[in-house]
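Q: Output the structure for:
(2 chains)
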Amino acid sequence: MATPNCLRCLLVRPSVAARLPAARQMITAAAPFSTTANSRAAGGPQQGKGKKAPKPPVKGKQMNLSAFKKKRDVDKSKPPLPGERKAYRKRILLSNNNALPVPGLQDVNAESMLQTSNSGKVLSLPDAVVDQLRAVEAFKPTQCWGVFRKPSMLVRAETVELMQKMQKAADSQQALRLVVTGDRITGKSMLLLQAMTHAYLNDWVVINVPEAQELTTACTEYAPIPNNPTQYMQQNYVLKMIQAIRKANEKLFSRLTTVHQHPDLPQHVPVSSPLLQLANSAKEADGAWAVFHALWQELTTKGYGRPPILFALDGVAHIMKMSDYRSPAFEQIHSFDLALVRLFADCLGGNVQLPNGGAVLASTSRNNSPRTPSLELALLQREAEQNKTEVPKKDPFFRGYDERVDAVLKSVQVLRLDRVSKAEARAVMEYWAASGVLRATVDEATVSEKWTLGGNGVLGEMERAALLTMRL
Amino acid sequence: MASAANSLRLCLRTSRQASSCLRQPQVRVPLRRALSTTPVRWDNAATEEKDGVEESDYEFNRPYSNPGEFLQDFLRKEGISKADRAQATRMLETWKQVPPETQQEFDKLTRDISQEIAPLRRPVKPRRNSFWNEEEKDPDLITDEVGEDDFEEDDILSMGHGKLEEHREFREYARIAVWEMPLLSKLAKPFEPPTADQPLRFRYTTYMGEFHPADRKVVVEFCPKDLKDLTEAQQLKLKKLAGARYNPEKDLIKMSCERFEHQAQNKRYLGDLVQKMIATAKDPTDMFEDVPLDTRHHTFKAKPKFPVEWRMTEERKKELENLRRQALLLDQAKQKEGTLISGVERVQAALAAPPEPAAREPVMVRAGARQGARQGRAPMRR
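A: As a prediction, the model looks like this:
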């Protein structure tokens, strides 16, 4: 097929040859072979004589439209890769070499948060625990760790109270079921972190859900559980969680061994193999839920040296409502129908026991929490019951309550995290000043000032008033 | 309009010749609404509203032109007592003895009155194509605007007369205010607060004799707690019955009525309604225990008040003084001990101190030679 075309190329039509420009022929004569542009080649001899190049002929006044055009600064730099901005926003810095080391700062140990004498003291986290806490994402990017030399925390009266409750529950092989609530930035997530610290120092197993909204806002994959289609597993999240648990509790898991058969795991894990092997068998998202189920079964077996469990969740309001997931029939899925959330809710409600003791802690969030009337009411009711005051009643004409949530929160304890006292505020401010971050003499006047500025001792507000301001 | 009808009625009453039948004392027909500016409408509506109320027996179901017609109609009714029947029969016979011209006169009088009143009852419709309602009479003007520009040089202008008339009127009222009003104080009664057995509080509106659509409105307010003969449960049921008319913040039930033409009727209706509600509340068949008290119609307003504990009393001042003194003592003690921490001093001391021996730079080492390198590794910073 191509042949006739090619043959046609060979035929140079005489009319085309005759129309070749005469100028081109002349230039060719001046410089038979040149790599420079024609104009240069033509102007060469004139420049050599010291004369200026002739100006281009004046065409008269012309409108210069480019004068009105905006000069665009074209940014030649590379845009950040996908996820890079978020990674920067969510990065967690736990140390700052410019801050001064604080002399006399003690590390936390297994008992120190149980002692009332330590209430109102600043203690630092040991490196091993920091690694564990980092693995389970206990640190939040909004917390001011990156300002100081070494991660340290204030042991508050509420901290001691909570740790004593946890220890008591673990000793009596019961589960402490408790919701931490309180105003904005009063340190609710921090209290969870302290509970986790205590748990790690006492060789507990910690399962942490750092942000409950990750489970219910339909941002992670989900699938119905094969033999239980009314519940949904979140494979990717669970895989990440197993890896975090494995990383944080590696020593413990290599010591403990399995006691049950687990036939439906992706890999065969024989009885009396270490738990680490079981946890390691979750390599892919597909079998992750089965592995998690097996791991939970192993950890909640009575005896066999199983440690107490701390199951913590932050931002509890997100799991106390309908999730953003949809069933195959495009109906909304209740958060409690997501298997992991269901497990937590059952533990919190007391339907699932922890035979080796432990604690189920949930914490509310004030920054990012959807309206959950049932939760709000239940917290007020439980608190009133604890304080033996008048219990607020349900609004009989309001439809927004959720019976399943009511059932879960029927018997939880509530710990309201309040403001710090002035003595505690002084301790924490002395730590700031000793780190060289707060450039003021910490006397009662300064403490009073910051304490008042921070809404009568809201710790986060005090940080804002003293640390995060440019007025040093 | 009402005052005009009123005056017309009064005029008619004075100029009317008293008919012979009316002079007879036996013929006492209880004419409640013999003359009214509103159309007669009690054949269905009124009877339905007050079914079973005895008063409906004495009210008219249709207009009658003379007493004989009414009596005949009355006798046709069943369920009237014998005494009534006998009296009515006697009265009817008396009426029949009245001469026919008097009877006709009576009929004519009734007809005349209704004819006179008909235009008053007719609603005034604004004309559609009129400009600014120019045809409408302006009763506020002081002249009648008829032939007022004709000046016959024997009198002042009608405008002037109008002004004088106005002035006379002012003076008359001023006289009344000075001479007669103070006498009213003789009629003043001292205020008596309502007693415990008067739980209903009525509110009326008067427009000083002028016609106003709201002057018939009556409002009643009462607190369910004041009804002493009700138990707690019955009071709660009463509140539930009142529905949106219950104010939970003030614990008051407030009801109003402007359904009827006269204040007294509206008040009577409200009184009856309250009685009916109380009777229903006392009825033990259904105490509405399954229905919660609904307060959705009411918005509770929290009124922020100055906290009592913030009040600067003498004790509080002393307490604060004490706290400040203790704080000062604490600072002094810390200063003496040398434990008062100053951020600036800490930074300056750190800058003045000899630099720490620099940690050795971490060096890349081959995998096999790790043992030796581990001791010299720089402390890891997180």
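Q: and A:Phe148, how far is that from chain B?
A: Remark: distance between A:Phe148 and chain B (Cβ to the nearest Cβ, to the nearest Å) = 11 Å. In short, each C-beta sits where N, CA and C put it, glycine included.
Q: ok now do that residue, which residues does it touch?
A: A:Ser95, A:Asn96, A:Ala99, A:Val102, A:Tyr431, A:Ser435, A:Val437 (Cβ atoms under 8 Å, 6 or more residues apart in numbering or on different chains).
Q: Near chain B, list only the ones from those.
A: A:Ser95, A:Ser435, A:Val437 (Cβ under 8 Å from any Cβ of the partner chain).
Q: which one of the contacts of A:Phe148 is nearest B:Gln234?
A: Proximity of these to B:Gln234 was ranked by Cβ to Cβ; the top entry is A:Tyr431 with 64.8 Å.
Q: Do I have it right that the closest one meets A:Ser152?
A: Yes - between A:Tyr431 and A:Ser152 a contact is recorded at 6.6 Å, counting by Cβ atoms under 8 Å.
Q: between those two, who's got more neighbours?
A: Neighbour count, other Cβ atoms under 10 Å in any protein chain shown: between A:Tyr431 and A:Ser152, A:Tyr431 has more, with 23 against 20.
Q: about what we covered before: and which of the contacts of A:Phe148 is nearest to chain B?
A: Chain B has its nearest neighbour among these in A:Ser95, at 4.7 Å by Cβ to the nearest Cβ.
Q: Compute the distance between that closest one and B:Glu356, please.
A: Per Cβ to Cβ, to the nearest Å, A:Ser95 is found 16 Å from B:Glu356.
Q: B:Phe202 now?
A: Counting by Cβ to Cβ - B:Phe202 and B:Glu356 are separated by 91 Å.
Q: Please apply the same query to B:His212.
A: For B:His212, the distance to B:Glu356 - Cβ to Cβ - is 94 Å.
Q: quick one, which of those two is more surrounded?
A: Using other Cβ under 10 Å, the more surrounded residue of B:His212 and B:Glu356 is B:His212, with 13 against 6.
Q: and A:Leu310, what are its phi and psi?
A: Torsion angles at A:Leu310 (phi, psi; degrees, to the nearest 10) stand at phi -110, psi 120.
Q: Mind pulling up the pLDDT for the nearest residue to it once chain neighbours are set aside?
A: Residue nearest to A:Leu310 in three dimensions, not counting chain neighbours: A:Ala199, with 4.1 Å by Cβ to Cβ, 6 or more residues apart in numbering or on different chains. Reading off the confidence values, A:Ala199 has pLDDT 97.
Q: Which element, helix or strand, includes residue 92?
A: In the absence of a named chain, this looks at chain A. Using DSSP states H and E, A:Ile92 falls within no helix or strand.
Q: right idea, wrong chain: chain B
A: helix B:82-97.
Q: Report the rounded mean pLDDT for the lengthiest helix in chain B.
A: For chain B, the helix with the greatest residue count under DSSP state H is helix B:314-337. In this model, helix B:314-337 has a mean pLDDT of 94.
Q: tell me which strands and helices that helix is in contact with?
A: helix A:444-453 (3 or more Cβ pairs under 8 Å, 6 or more residues apart in numbering or on different chains; DSSP states H and E).
Q: okay, the angle between the helix it packs on and helix B:314-337?
A: 130 degrees (axes from the mean of the first three to the mean of the last three Cα atoms, to 10 degrees).
Q: Which residues in helix A:444-453 does the neighbour count mark as buried?
A: Buried positions in helix A:444-453, judged by neighbour count with 16 or more other Cβ atoms under 10 Å in any protein chain shown: A:Glu444, A:Thr446, A:Val447, A:Ser448, A:Lys450, A:Trp451.
Q: Please consider this matter closed, and thank you.
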